[in-house]
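[1] Sequence plus predicted model, see below.
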Amino acid sequence: MKSDVQVAIIGGGIVGASVLYWLAKMGWTNTVLLERRELTSGSTWHAAGNTTYFGPYPTMTRLFAGSIRTYLQAEKESGQSVGFHQTGGLRLAATSRELELFHIYKPLYKELNIPFHILSPEEVGALHPLIEANNIFGAAHTPTDGHVDPSGATQALALSAQNLGATVERWRPVEALHRDGENWVLATKKGTVRAKHIVAAASFWTPELLAPLGLNIPLYATEHHELITEEISEIATMEGEVPAMRDSYVSCSVRQEAKGLLVGVYESEPKFWALGGIPKDFKEALFPPNIDRLIPHLNRLTERMPVFKDIGIKTINNGPMCWTPDGLPMLGPVSGQEGLWLASGFNVGIGTGGGSGEFLAHWMTQGHPMFELKAVHANRFGNEITTETALASIRKVYARGYQLPDSI
Ligand SMILES: Cc1cc2nc3c(=O)[nH]c(=O)nc-3n(C[C@H](O)[C@H](O)[C@H](O)COP(=O)(O)OP(=O)(O)OC[C@H]3O[C@@H](n4cnc5c(N)ncnc54)[C@H](O)[C@@H]3O)c2cc1C
């Protein structure tokens, strides 16, 4: 058991595992990841695994692109499948402005060497026969993205990192932490860990973990629904998979799951969870579904995909999702707290976790980020932000769903 390390990572979801992996790839292997329960036991285990290249914030696209690359690399190195399905993705243009924005984004994707095509409504209909394409203005098509198995990807990252010399300690919650001279000291029931650097990758647990240091980290959890349909005959008889679809009008993402569809819903009014603190006994639990909240979205989805009139819903998962006031993660060093790094606040942690691990590990090992991405810096909200302000901001961001910002 390592008790004196260069880096201790707190939290073994996809983000913590990715940071551990990339630190090891960059040569830092005197590291330990401390996880409260099993790996993935926060939000990662129930995620849909969508890993698009199309970021609502094009500046984030490098993190999206780095993620699929990271998972496939870890799969190759570890032999653990990450279950990547390269279905491609369609971002529908529900308005003419969205179509204009796709044209504005296009050069960025060229710069990053990511295939990005703008399709006419007819081309969309040909690629995805379940979409009623008459009412759209076209779509952005990213043919090389898709979805992964989040648990498989986390295990592949952890396994590869361990093969390089990193350590993973499951069932080892960090109960308290403080700074002692040049080190951080982490208290656990199985003994103390001293570390030069610590990375808080504990998602919506991070605020409580760091509050004793006087830090006010504005992360809050919302409930988030995904639905899985029964088999759809059109899909069952199709060769290959339909591309994933995202649409600001329905505020849903829809991808193929086996021979049916999986729908992720961004409701207009988010429902917060555990505002008084994460329950101490919270395990790998889901919340009861609330169909009434989903109905307006499903009605609009039926306009886009008439097949929804006739199909049954097989499963509904409603799980906790972590949010920052602007919807972007908190990634980087915390000012005034030497050796403390944040990798928390991910609401698309499968889509961006792989690339974010690389981004943070580069910053830690080289002393500077691999590219400038001020949008994610850990100190951007300040320490004075109130809960009221943070929640009001999250409400707006969540309700925006797949609507695009009007400028890059
Ligand atoms: C229904 C649903 C569908 C989703 N679908 C997608 C999707 O398709 N694509 C996508 O990108 N995202 C999706 N998400 C979001 C995604 O699940 C999260 O963004 C991602 O899993 C966050 O990963 P994480 O590593 O930051 O956090 P988590 O997976 O929550 O991991 C945090 C870990 O920290 C551990 N921990 C906490 N406190 C301590 C402590 N004191 N000591 C040690 N360990 C501790 C926890 O046990 C946990 O394992 C979905 C979310 C929901 C709810």
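    It's in. Nothing here was measured: the structure is a model prediction, and the numbers come from that model.

[2] Mind giving me the packing neighbours of the helix or strand hosting L391?
    L391 belongs to helix 387-400 when elements are defined using DSSP states H and E. Secondary-structure packing of helix 387-400 (3 or more Cβ pairs under 8 Å, 6 or more residues apart in numbering; DSSP states H and E): strand 220-229, strand 313-323. Using the backbone N, CA and C atoms, a C-beta is placed for each residue, glycine as well.

[3] Number of residues surrounding E100?
    Using other Cβ atoms under 10 Å, E100 is surrounded by 13 other residues.

[4] does it sit in a helix, a strand or a coil?
    Following DSSP: H, G, I helix; E, B strand; the rest coil, E100 is assigned to helix.

[5] quick one: it from the ligand, how far?
    For E100, the distance to the ligand equals 27 Å [Cβ to the nearest ligand atom, to the nearest Å].

[6] try D406
    For D406, the distance to the ligand equals 24 Å [Cβ to the nearest ligand atom].

[7] same check, this time on E175
    Relative to the ligand, E175 is positioned 7 Å away (Cβ to the nearest ligand atom).

[8] For that residue, give me its contacts.
    A187, T188, K189 (Cβ atoms under 8 Å, 6 or more residues apart in numbering).

[9] so the second one bridges to which residues?
    Per DSSP bridges, the residues bridged to T188 are G191.

[10] Now, of the contacts of E175, which are buried?
    T188 (16 or more other Cβ atoms under 10 Å).

[11] any chance of the contacts of E175 in a markdown table, with pLDDT and distance to the ligand too?
    Output for these, formatted as a markdown table (pLDDT from 0 to 100; distance: Cβ to the nearest ligand atom, whole Å):
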| residue | pLDDT | distance to the ligand |
| --- | --- | --- |
| A187 | 98 | 10 |
| T188 | 98 | 8 |
| K189 | 97 | 11 |
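
[12] The stretch 301-408 of the chain against the ligand: which residues are in contact?
    Contact residues, the stretch 301-408 of the chain versus the ligand (Cβ under 6 Å from any ligand atom): N317, G319, P320, M321, F346, N347, V348, G349, I350, G351.

[13] need the contact list for the second one.
    In other words, G319. Here G319 is in contact with S43, H46, A47, E223, H224, E226, L286, F287 (Cβ under 8 Å, 6+ apart).

[14] before we move on, the earlier item: how about residues contacting the helix holding L391?
    Identification of contacts with helix 387-400 by Cβ under 8 Å, 6+ apart yields 218, 220, 222, 266-270, 272, 275, 323-327, 381.

[15] so how far is E175 from the residue of the chain most remote from its centre?
    Here the chain reaches farthest from its C-alpha mean at G181, the gap being 34.7 Å by Cα atoms, centre = their mean. Distance from G181 to E175, counting by Cβ to Cβ, to the nearest Å: 21 Å.

[16] show me what contacts the residue sitting nearest the centre point of the chain?
    A centroid search over the chain (Cα atoms, centre = their mean) returns G349, at 1.7 Å, as the residue closest to the centre. Shown in contact with G349 (Cβ under 8 Å, 6+ apart): G13, I14, V15, S43, T44, A47, S203, C322, P329, S356.

[17] Just the closest of the contacts of G319 to K374, please.
    S43 (25.5 Å; Cβ to Cβ).

[18] number of nearby residues for that closest one?
    The number of residues packed near S43 is 24, by other Cβ under 10 Å.

[19] Nothing else from me, thank you.
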